[in-house]
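A.B. asks: Structure for the following, please:
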Amino acid sequence: MSFVTKVLWGLSWACALPSLSAQTIQAVTEDAPPYTYVQHGRVVGPVTEVVEQSLQRAGFKDYRVNLYPWARAYDLALKQPHALIFLIARTPAREALFHWTGEIMKIEYHLYRWRGRAVEVPHLDAARAYRIGVMRDDVRQQYLQSKGFTKLVVSAQPLDNFRKLVNGQVDLVPLTAGEVQPLCEEAAVDCSQLERVFTLQEASTGLYMAYSLSTPSEVVERTRQAFEQLKADGTVKRLLDKIP
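C.D. replies: Numbers count the residues shown, from 1 in each chain. Prediction:
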């Protein structure tokens, strides 16, 4: 993009700002430490900072960030204009459902068991014999369902799902490596009792922020451009480096 084009683009943003900012942007996600969580009554975390700085760089001052159970956040992002959901996995089934605004990070999902339990998963098919705890409408539930898994135990909250593993109500849970320590701390258990037994390679994907389809294209494009600027100047990496 030439300098003149950039200037004209910036002026068009400025001219559009009053009308586009008339409606509050609702940024929604789930409680997912260490990426997003509540502290002193505010939604915080490295990924939350990425989203907020993207909106601020785009010139949007009227926005709110809220945590919901994932199924509620997902439903809201499907139906409401000016709804921005994060961190959401980009899958073929979801491709046409949202305006994909920026890949924040890549993620790998692993199946974990509680140490000492007779749960062996040398390959994916072997996991079919076990009860697997998943989050409602989460990409991990959708992936396992697409593979014909039937012994899925659905929860609304990550901590509830994790406690079912600790209590023996399920045999396996799919988690990212970054989710393990915060969940152990919340559940007040020893993380050394958790064992990784299999990696869900096909389910591992990029996690994005994405707007509802009814969101004006100008809002989507401004946010996308702002996010790309933050990636280019190293801000996104600096913020994500805070993740333990």
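A.B. asks: May I ask which helix or strand encompasses the residue nearest to residue 106 when sequence neighbours are not counted?
C.D. replies: Once flanking residues are discounted, residue 106 sits nearest to residue 206: 5.2 Å by CB to CB, 6 or more residues apart in numbering. (C-beta placed from N, C-alpha, C; glycine too.) Using DSSP states H and E, the element containing residue 206 is strand 205-212.
A.B. asks: Rounded mean pLDDT for that strand, please.
C.D. replies: For strand 205-212, the mean pLDDT works out to 95.
A.B. asks: same deal with stretch 66-81?
C.D. replies: So the average pLDDT for stretch 66-81 ends up being 95.
A.B. asks: Give me the contacts around stretch 140-155.
C.D. replies: 91, 93, 109, 124, 127-136, 161, 164, 169-170, 174, 200, 202-203 (CB atoms under 8 Å, 6 or more residues apart in numbering).
A.B. asks: buried stuff in the biggest strand by length in the chain?
C.D. replies: Counting residues, the longest strand in the chain under DSSP state E turns out to be strand 98-107. Residues of strand 98-107 classed as buried by neighbour count (16 or more other CB atoms under 10 Å): 98, 99, 100, 101, 102, 103, 104, 105, 107.
A.B. asks: Nearest residue to residue 36 in space, please, no chain neighbours.
C.D. replies: Counting by CB to CB, 6+ apart, the residue nearest residue 36 is residue 45, at 4.3 Å.
A.B. asks: what's near enough to touch that neighbour?
C.D. replies: If you count contacts by CB under 8 Å, 6+ apart, then residue 45 has 33, 34, 35, 36, 37 around it.
A.B. asks: let's see it at 7 Å
C.D. replies: 34, 35, 36, 37 (CB atoms under 7 Å, 6 or more residues apart in numbering).
A.B. asks: Point out the ones among these that are inside strands.
C.D. replies: Checking these against DSSP E, those in strands are residue 37.
A.B. asks: got a winner among the contacts of residue 45 for most neighbours?
C.D. replies: residue 35 (25 neighbours; other CB atoms under 10 Å).
A.B. asks: Residue 219 versus that one, what's the distance?
C.D. replies: Using CB to CB, to the nearest Å, one gets 23 Å for the distance from residue 35 to residue 219.
A.B. asks: before we move on, what about residue 131?
C.D. replies: 42 Å.
A.B. asks: again, but for residue 206
C.D. replies: 21 Å.
A.B. asks: quick one: which of these two has more around it?
C.D. replies: Neighbours of residue 206 and residue 219, each counted by other CB under 10 Å, are more numerous for residue 219; the result is 23 against 16.
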